[in-house]
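**Q** Curious how this folds, go ahead:
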Amino acid sequence: MTDATTSVHRHHVSTDDPDVAAAHQHGYAHFRYEPIARDGFAFDLTASFAGAFGVSRMRHTGRFRAQVEPPRRMIVVEVLEGGLWVTADGHDVAAHLMLAPHWSSHAAGWDTVALRLTTLDLEEVERVGAEISGLGPSEVLFGTMTPRSTALARYWTALVDHVDRALLAEDELMGTRLVRAETLRQLAAGVLTVFPNSTLDHRDVGGPDVVEPATVRRAIEFMEAHAHEDVSIAQVAEAARMGPRGLQAAFRRHRAQSPLDYLRRVRMDRAHQDLQLGDPTRGDTVGGIAARWGFANAGRFAVDYRRAYGYSPSETLRR
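**A** Below you'll find the predicted structure:
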């Protein structure tokens with residue numbers, strides 16, 4: 001089932017007016033900029049947004065220098081052509097992948113550049129960071145613009161490639177609430193993995209020495225009852241009557257997995273049931289059923305499904 005109220009919003013602008021270009025750039029962050037030469041100037045922006053996240057491509061010719069206020073959202077910047085430099089907290093950074101410093105004002109500039117910008121709701125990133133670390137959302141802090149390693153930088157690029165080309169390009173997928181929620185979570189977890197932040201020292205921490213099995217049962221009952229919804233660790237922990245950190249520890253101890261791993265398996269089982277009951281002659285498809293339960297990547301779903309049940313989802317649907 002799709003949710004038409006949160007379809008992908010797309011827009012494109014192309015102009016030779018620097019002031020018009022600046023007005024569109026102000027949608028990402030407020031800034032004061034030096035006058036831009038109009039001769040030969042060109043600006044092109046293509047953007048796709050699905051609620052709390054989006055991916056944009058921008059090309060800006062000519063010399064640009066600006067003082068930038070902290071962005072209202074988290075923005076990861078990839079340099080596709082040219083070069084970009086940012087000065088924040090006394091540090092100069094010129095990299096092909098960087099996190100725009102949402103924690104401080106900064107200076108930025110380039111001499112003709114093409115960028116890919118991935119935007120995320122900052123509160124959603126903090127929420128995911130709290131879930132995986134046990135910290136409070138206000139304790140999820142970033143302070144470094146560059147990735148932790150070149151391998152992680154490549155991982156981020158591949159992740160955004162998939163979101164941009166395979167997900168945001170498909171209205172039907174993005175119209176499915178669980179797919180949007182899972183995509184947002186993947187991007188938020190990606191930022192938290194790729195860029196240094198306060199959660200990295202608090203993941204996989206132990207919980208209390210003794211956790212009542214009833215706590216885990218309450219969490220399981222809640223996840224099974226709400227598997228069709230966008231469920232957060234905070235909600236599961238509240239239903240279990242304990243904190244997120246204790247819940248993570250309880251599941252590791254009693255189930256040898258995380259709560260989200262368990263929830264994913266519940267959704268896989270529900271998809272399995274729907275495939276068994278599905279009928280291709282009525283229009284049922286593997287991709288549609290997978291998306292219904294939050295599995296946006298049909299290829300990955302097929303691999304995980306075969307690992308779980310010993311045969312492909314298409315074989316189940318045809319039986």
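
**Q** Now for Arg59, how many residues are close by?
**A** 17 (other CB atoms under 10 Å). Placement of C-beta: from N, CA and C, glycine included.

**Q** Give me the distance between it and Val179.
**A** Per CB to CB, to the nearest Å, Arg59 is found 30 Å from Val179.

**Q** Ser198 now?
**A** According to CB to CB, Ser198 stands 29 Å off from Val179.

**Q** Tell me which of those two has more neighbours.
**A** Each of Ser198 and Val179 has its neighbours counted (other CB under 10 Å); Val179 has more, 24 against 15.

**Q** so what's that one up against?
**A** Leu167, Leu173, Ala291, Gly294, Phe295, Ala296 (CB atoms under 8 Å, 6 or more residues apart in numbering).

**Q** Surely it is in a helix?
**A** Yes. Val179: assigned to a helix according to DSSP: H, G, I helix; E, B strand; the rest coil.

**Q** pLDDT score for it?
**A** Looking at Val179, its pLDDT stands at 93.

**Q** what's the answer for Leu173, then?
**A** 88.

**Q** Phi first, then psi, for the residue located most distally from the centre of the chain.
**A** Here the chain reaches farthest from its C-alpha mean at Asp39, the gap being 38.7 Å by CA atoms, centre = their mean. When read as degrees, to the nearest 10, the backbone of Asp39 gives phi -70, psi 120.

**Q** For Asp201, see how far away it is.
**A** 51 Å.

**Q** And for Leu99?
**A** Counting by CB to CB - Leu99 and Asp201 are separated by 18 Å.

**Q** Have a look at the two and say which one is more surrounded.
**A** Comparing Leu99 with Asp201 by other CB under 10 Å, the one with more neighbours is Leu99, at 26 against 9.

**Q** which element is the residue nearest the centre of the chain on?
**A** Geometric centre of the chain, nearest residue: Leu187, 2.0 Å, by CA atoms, centre = their mean. In the assignment (DSSP states H and E), Leu187 maps to helix 177-194.

**Q** Flag every buried residue along that helix.
**A** Neighbour-count burial for helix 177-194, counted by 16 or more other CB atoms under 10 Å, picks out 177-194.

**Q** who touches the residue nearest to the centre of the chain in this structure?
**A** Neighbour list for Leu187: Phe53, Thr118, Leu120, Leu159, Val160, Val163 [criterion: CB under 8 Å, 6+ apart].

**Q** which residues touch the last one?
**A** Okay, so that is Val163. Applying CB under 8 Å, 6+ apart, we find Val163 in contact with Phe53, Val55, Thr118, Thr183, Gln186, Leu187.

**Q** hang on, isn't the fifth one packed against Ala158?
**A** Okay, so that is Gln186. No. If you go by CB atoms under 8 Å, Gln186 and Ala158 don't touch, sitting 11.5 Å apart.

**Q** where in the protein is pLDDT low?
**A** 1-6, 202-213 (pLDDT under 70).

**Q** what about the strands in it?
**A** Per DSSP state E, the chain carries strands over the ranges 9-15, 31-33, 43-50, 53-68, 74-88, 91-93, 97-99, 106-120.

**Q** Most tightly packed of those strands?
**A** Among the strands of the chain, judged by mean count of other CB atoms under 10 Å, the one packed with the most neighbours on average is strand 97-99 (a mean of 23).

**Q** ok, that strand: who's next to it in the sheet?
**A** Paired strands of strand 97-99, with direction, are strand 74-88 (antiparallel) (DSSP bridges).

**Q** Between helix 177-194 and the strand it pairs with, find me the angle.
**A** Taking axes from the mean of the first three to the mean of the last three CA atoms, to 10 degrees, one finds strand 74-88 and helix 177-194 inclined to each other by 30 degrees.

**Q** Kindly report the domain assignment for the chain.
**A** Taking automatic domain parsing as the criterion, the chain consists of the domains 9-122, 204-256, 265-318.

**Q** Before I go, just wanted to say thanks for your time.
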